[in-house]
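# Okay, sequence plus prediction incoming.
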Amino acid sequence: MARHLVITVHGIGEQQPGETVDAVVGAATTGFPGRPRQPVEVERDVIELAETRFGPEPRNAALFPVHLRRVRRTHVQSRDDDVVFAEVYWADRSPAPKGAVRTIIDLLKVVLGLGYLAMDNVENNRGFGPVALVHLFTWVFYGLIAPLNAILLMGAVLLLIDMSSFKIGTDIPELAVIFVDGALALAIGLMIWLHFARTYLVRIFGRGLSALGVIILIVAIAGDLGAAFPWSMCTEPQRPPDPYHPILECYIGLNIGLLGFSWFTTVTLALLTYPAALLPQKASPQDGVTGHRAIFPSIAGAMVMFWMVFSSAFWLTFVNMAGRISPTTGEAGETLLQAIASRRLPEALGTLGVTAGSLAILVLVGIHLVIARRLAREELYTRPETISRVILNSRLQMVFGLSLVLIWLAVVHLLNERVSGFRWIDARPFSWVTPVFDWLSTKDGVVAAVILGIGLLIYNFSHLVAGGLGIIRDIVTYSVRDHCHWRSEHAIRARNFVERRQINNRFKRVLEYGLETVRPEKVTVISHSQGTVIATQMLQDRNVKAQLAKHGAPPVLLITMGSPVTHIYRRYFKEFFQVSLAEMPPGTTWFNIHRADDFVGTRIEDALADEDHNLSVPAGGHTGYFTDFHVWNRLWNDVRFQLFI
């Protein structure tokens with residue numbers, strides 16, 4: 001008999017430490033038809049391994065938990081035929097938020113984080129022009145739109161002071177509120193930029209927030225000294241509402257106006273990514289995979305659409321909650337925040353009707369896709385991509401493109417209607433859309449109510465939202481980068497993905513520990529979903545191959561389940577996710593198991609030694625592979641997996 005090391009690598013989602021290895025051990029030691037259950041003893045252990053080696057910077061070692069399960073036959077004292085299961089745990093690299101407010105903020109962060117995927121995709125597949133365009137789009141999104149929203153939020157929180165005995169405009173000067181808003185923006189921006197930002201786009205956000213904070217401070221100080229600009233840009237209404245705060249109203253209006261022009265710039269850049277996707281692809285590496293590769297336009301469209309909806313839901317929910325928990329002021333029984341929001345929010349939400357309509361179309365297409373997939377669920381992997389795929393489905397991508405066009409037209413229409421002197425975009429060729437926008441403007445109340453309902457649902461069912469966010473968050477986490485480096489050589493860019501590097505290092509550390517302590521005569525790697533990407537890339541890593549060779553080059557059995565390795569990662573991120581059995585350790589055997597209706601993982605394309613190693617099982621979705629009867633039927637009878645070898 002011989003020692004057997006089994007490495008388990010979990011996929012996306014909110015996994016708990018030890019959950020994956022327990023599921024695999026439990027299923028592997030359970031009786032199966034035709035395979036009588038052997039009495040076994042299971043020893044449970046957990047150790048802490050270092051993420052990286054010790055060094056002066058950082059001086060404190062970062063540790064991560066490794067759950068171990070040692071399985072041996074009952075009453076057998078010798079450890080020469082033990083099976084040791086070791087778990088590669090990485091879900092803590094993108095933890096789920098706790099609480100409603102954190103969940104809402106995390107939702108906005110995930111939408112913004114899609115920019116990493118857009119940059120990664122365009123850099124893998126296009127040349128200088130499209131790459132520069134996508135980077136400019138993300139810079140404006142992170143460096144202007146997100147900071148402007150943060151500044152407006154901080155200003156809204158400051159308006160809550162008016163609920164106390166100190167009244168803004170009488171006890172507290174309006175310019176003082178603006179000064180504090182700028183000071184907060186500068187302080188928070190500098191802290192994020194210089195101390196807390198670990199990634200590239202977060203630093204862009206910190207810089208943008210700091211720069212806007214400086215501008216606000218200059219404006220507030222100049223206003224206190226009697227400067228007319230920029231207050232001269234605002235005109236006082238003929239019948240001012242009561243109460244009325246002219247400086248605050250002007251300040252908020254200018255912020256919203258700048259936000260409107262920022263949206264115009266952002267939507268225009270996002271729209272330009274579609275013709276940019278038609279430019280020639282990068283020539284190398286050549287991998288022979290057919291089909292479209294450019295998903296950065298639809299990611300840009302998704303960012304615009306989802307940010308509009310979710311940020312609007314956040315604002316409406318914030319104003320609504322502030323009104324519920326606070327005493328009222330003014331003749332109308334409103335708080336100052338509610339009073340100003342009722343006059344200014346419609347300006348900021350002017351395109352919401354079009355966006356909500358686009359979201360409705362997206363939902364309808366999604367429902368149609370779900371129904372079509374349900375009807376053909378047992379042979380989905382053999383059907384055309386318009387049905388077989390959910391992630392990166394071409395029909396959904398078309399909806400994002402159409403939505404971008406409509407949102408761009410809505411922004412132009414809004415600016416032409418509400419911003420004096422804005423006529424450098426000729427909207428006459430699009431005059432046919434004016435009746436549509438006029439009709440939508442009559443439905444602002446309905447749309448706002450729907451968006452508010454979305455916000456309240458997110459707030460009240462934050463735990464469900466956080467769980468669903470885990471899937472997207474884990475994917476985004478794998479593309480987070482430390483610096484820009486978009487024009488650097490391949491080796492520098494490969495080291496730039498900080499979270500990816502840390503996760504991959506965990507695989508190396510667990511394997512190294514297992515080889516040193518178990519001294520196995522066979523290694524099996526069982527992986528699922530995103531874990532299959534980690535496993536296949538690491539088995540091609542020269543350091544991993546050197547580790548295996550150093551410890552006698554035990555044969556490796558690689559089992560992937562629900563894997564997106566070739567049809568997603570190799571296709572859309574070809575520069576970093578090539579996969580070849582020939583590049584894995586000598587003697588590696590690779591089997592892939594996929595459910596017929598899995599919306600993430602399917603067949604491995606052109607990478608297995610034999611097409612018969614692509615094993616399908618009945619429909620059952622993307623989760624629960626490790627304890628599925630049909631999966632273990634394939635493992636025992638087709639893969640010939642052996643617990644004791």
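That came through fine.

# Any chance you could give me the host helix or strand of residue 545 in CSV, C-alpha atoms only?
Following DSSP states H and E, one finds residue 545 within helix 542-550. The C-alpha coordinates for helix 542-550 follow below in CSV (Å, rounded to 0.1, in the frame of the first residue of the first chain):
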residue,chain,number,x,y,z
ARG,A,542,7.6,25.7,-12.8
ASN,A,543,8.0,26.0,-9.0
VAL,A,544,5.2,23.5,-8.4
LYS,A,545,6.7,21.1,-10.9
ALA,A,546,10.1,21.4,-9.2
GLN,A,547,8.5,20.6,-5.8
LEU,A,548,6.9,17.5,-7.2
ALA,A,549,10.2,16.4,-8.9
LYS,A,550,12.1,17.0,-5.6
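
# Run through who's touching stretch 568-586.
120-121, 123-125, 282, 285, 287, 289, 291, 293, 295, 391-392, 490, 494, 497, 533, 536-537, 539-540, 544-545, 548-549, 553, 556, 558, 565-566, 588, 590, 600, 605, 607-609 (CB atoms under 8 Å, 6 or more residues apart in numbering). Every residue, glycine included, has its C-beta placed from N, CA and C.

# Excluding chain neighbours, what is closest to residue 314?
Nearest-residue entry for residue 314: residue 104, 5.6 Å, with adjacent residues in sequence omitted and distances by CB to CB, 6 or more residues apart in numbering.

# Confirm the one you found sits in a strand?
No. In this structure, residue 104 is helix, not part of a strand, as judged by DSSP: H, G, I helix; E, B strand; the rest coil.

# Just want the phi and psi numbers for the closest residue to residue 48 other than its chain neighbours.
The shortest distance from residue 48 to any non-neighbouring residue, by CB to CB, 6+ apart, is to residue 63 (4.2 Å). Note on residue 63: its backbone torsions stand at phi -110, psi 160 [degrees, to the nearest 10].

# and what of residue 617?
Torsion angles, degrees, to the nearest 10, at residue 617: phi -130, psi 160.

# Where does the nearest residue to it once chain neighbours are set aside sit: helix, strand or coil?
Closest residue to residue 617 apart from its sequence neighbours, by CB to CB, 6+ apart: residue 630 at 4.0 Å. Here residue 630 is recorded as helix under three-state DSSP.

# re the thing from before, just give me the neighbour total for the residue nearest to residue 48.
The number of residues packed near residue 63 is 11, by other CB atoms under 10 Å.

# Tell me what it is bridged to.
residue 50 (DSSP bridges).

# show me where the stretch 501-645 of the chain has strands.
With DSSP state E, counting those that start in this stretch, the ranges of strands along the stretch 501-645 of the chain come out as 522-528, 556-561, 589-595, 614-617.

# Sheet partners, orientation included, of the last one?
Taking DSSP bridges as the criterion, strand 614-617 pairs within the sheet with strand 589-595 (parallel).

# same question, the first one
Using DSSP bridges, the strands paired with strand 522-528 are strand 4-9 (parallel), strand 556-561 (parallel).

# Reformat those into CSV and put mean neighbour count and distance to residue 49 next to each item.
What follows is the strands paired with strand 522-528, written out as CSV (neighbours: other CB atoms under 10 Å; distance: least, CB to CB, whole Å):
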stretch, mean neighbour count, distance to residue 49
strand 4-9, 26, 13
strand 556-561, 25, 21
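
# Any idea which of those strands gets closest to residue 521?
Taking CB to CB, strand 4-9 is the member of the strands paired with strand 522-528 nearest to residue 521, at 7.4 Å.

# so after that closest one, what's the next helix or strand?
With secondary structure assigned by DSSP H and E, strand 4-9 is succeeded by helix 19-28.

# What mean pLDDT does stretch 124-136 get?
Across stretch 124-136, the average pLDDT comes to 91.

# rewinding a little: quick one: which of the strands paired with strand 522-528 is nearest residue 67?
strand 4-9 (9.1 Å).

# So what touches that closest one?
Applying CB under 8 Å, 6+ apart, the contact partners of strand 4-9 are 20-21, 24, 81-88, 507, 510-511, 514-515, 518, 520-528, 531-532, 534-535, 554, 626, 642-645.

# can you rerun that using 7 Å?
20-21, 24, 83-88, 507, 510-511, 514, 518, 520, 522-527, 531, 534-535, 644-645 (CB atoms under 7 Å, 6 or more residues apart in numbering).

# check which helix or strand covers the closest residue to residue 177 other than its chain neighbours.
Distances taken as CB to CB, 6+ apart put residue 158 closest to residue 177, at 5.3 Å, once the chain neighbours are dropped. Residue 158 belongs to helix 146-159 when assigned by DSSP H and E.

# Wait, the residue nearest to residue 314 touches residue 315, no?
No. With contacts counted by CB atoms under 7 Å, residue 104 stays clear of residue 315, the gap being 10.7 Å.

# Quickly find the element holding residue 270.
Using DSSP H and E, the element containing residue 270 is helix 246-276.

# Can you list the buried residues in that helix?
Buried residues in helix 246-276, counting neighbours by 16 or more other CB atoms under 10 Å, are found at 247-253, 255-257, 259-260, 262-274, 276.

# And stretch 599-614, by the same measure?
599, 600, 601, 602, 603, 604, 605, 607, 608, 613, 614.

# which residues touch residue 557?
Counting by CB under 7 Å, 6+ apart, residue 557 has contacts 524, 589.

# so residue 365 sits right up against residue 399, yeah?
Yes. Here residue 365 reaches residue 399: they are 5.5 Å apart, a contact under CB under 7 Å.

# who's more crowded, these two?
residue 399 (22 against 15).

# pLDDT wise, what is that one at?
pLDDT at residue 399 comes out at 81.

# how near is it to residue 564?
Counting by CB to CB, to the nearest Å, the gap from residue 399 to residue 564 is 22 Å.

# Ok, residue 150 next?
Residue 150 is 34 Å from residue 564, by CB to CB.

# do the same with residue 580
Noted for residue 580: a distance of 17 Å to residue 564, by CB to CB.

# And residue 146, by the same measure?
Counting by CB to CB - residue 146 and residue 564 are separated by 29 Å.

# Looking at the two, which is more packed in?
The residue with more neighbours, out of residue 146 and residue 564, is residue 564; 28 against 24, by other CB under 10 Å.

# My guess is the more buried one contacts residue 602. True?
No. The pair residue 564 / residue 602 is not scored as a contact, 8.0 Å apart, by CB under 7 Å.

# Which helix or which strand is home to residue 309?
helix 296-325.

# Tell me how far that helix lies from the chain's centre.
16 Å (CA atoms, centre = their mean, to the nearest Å).

# do the same with stretch 19-26
How far stretch 19-26 lies from its chain's middle: 27 Å, per CA atoms, centre = their mean.

# Send over that stretch as PDB, restricted to the C-alpha atoms.
The C-alpha trace of stretch 19-26 is given here as PDB (Å, rounded to 0.1, in the frame of the first residue of the first chain):
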ATOM      1  CA  GLU A  19     -16.200  22.900   4.600                       C
ATOM      2  CA  THR A  20     -14.700  21.700   1.300                       C
ATOM      3  CA  VAL A  21     -12.400  19.100   2.800                       C
ATOM      4  CA  ASP A  22     -15.100  17.700   5.000                       C
ATOM      5  CA  ALA A  23     -17.500  17.400   2.100                       C
ATOM      6  CA  VAL A  24     -15.000  15.400   0.000                       C
ATOM      7  CA  VAL A  25     -13.900  13.200   2.900                       C
ATOM      8  CA  GLY A  26     -17.500  12.500   3.900                       C
END
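
# Good, wrapping up.
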